[in-house]
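Trainee: Using only what follows, build the 3D model:
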Amino acid sequence: MKVVSRWISNLPLELIFWIGSLVAVVLLDSQGGTHLSLCPLSQLGFEWCPGCGLGRSMSLLVRGDFQASWDMHPLASLAYVVIIYRIWQLLRNLKTTHNYG
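Mentor: Take a look at the predicted model:
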């Protein structure tokens with residue numbers, strides 16, 4: 001059990017999460033009619049949220065539909081920059097510490 005616990009504690013979970021989120025955005029069907037929303041404001045019944053549409057906008061941006069992406073959420077390109085920068089930081093940290101921590 002200690003071996004499994006040590007192996008899990010050495011996993012770069014944040015890095016896995018961010019890479020997984022980029023993969024999910026690329027695979028997201030941005031033209032789909034309905035989708036599951038994890039947004040707490042949407043779950044509470046609010047119609048406007050500053051983050052809603054960001055994932056779909058990022059998906060449209062990857063596919064090259066720049067105008068539709070901008071119309072859905074203008075901060076999609078900034079989100080890519082922030083996520084890729086964070087992945088770069090985590091990879092650099094993983095490389096220098098050899099044990100992620």
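Trainee: Okay, strands next: where are they in the chain?
Mentor: Counting by DSSP state E, the chain forms no strands at all.
Trainee: So which residues of it form helices?
Mentor: 2-9, 13-27, 40-43, 54-62, 66-72, 76-97 (DSSP state H).
Trainee: and the residue nearest the centre of the chain, how far is that from Ala79?
Mentor: Geometric centre of the chain, nearest residue: Ser21, 3.6 Å, by Cα atoms, centre = their mean. Look at Ser21 and Ala79: by Cβ to Cβ, to the nearest Å, they are 10 Å apart. C-beta: built from backbone N, CA, C; applies to glycine.
Trainee: ok, now Phe46?
Mentor: 21 Å.
Trainee: Look at those two and report which has more neighbours.
Mentor: Ala79 (18 against 11; other Cβ atoms under 10 Å).
Trainee: Next up, the contacts around that one.
Mentor: 54, 58 (Cβ atoms under 8 Å, 6 or more residues apart in numbering).
Trainee: Since that was my last question, I'll sign off now.
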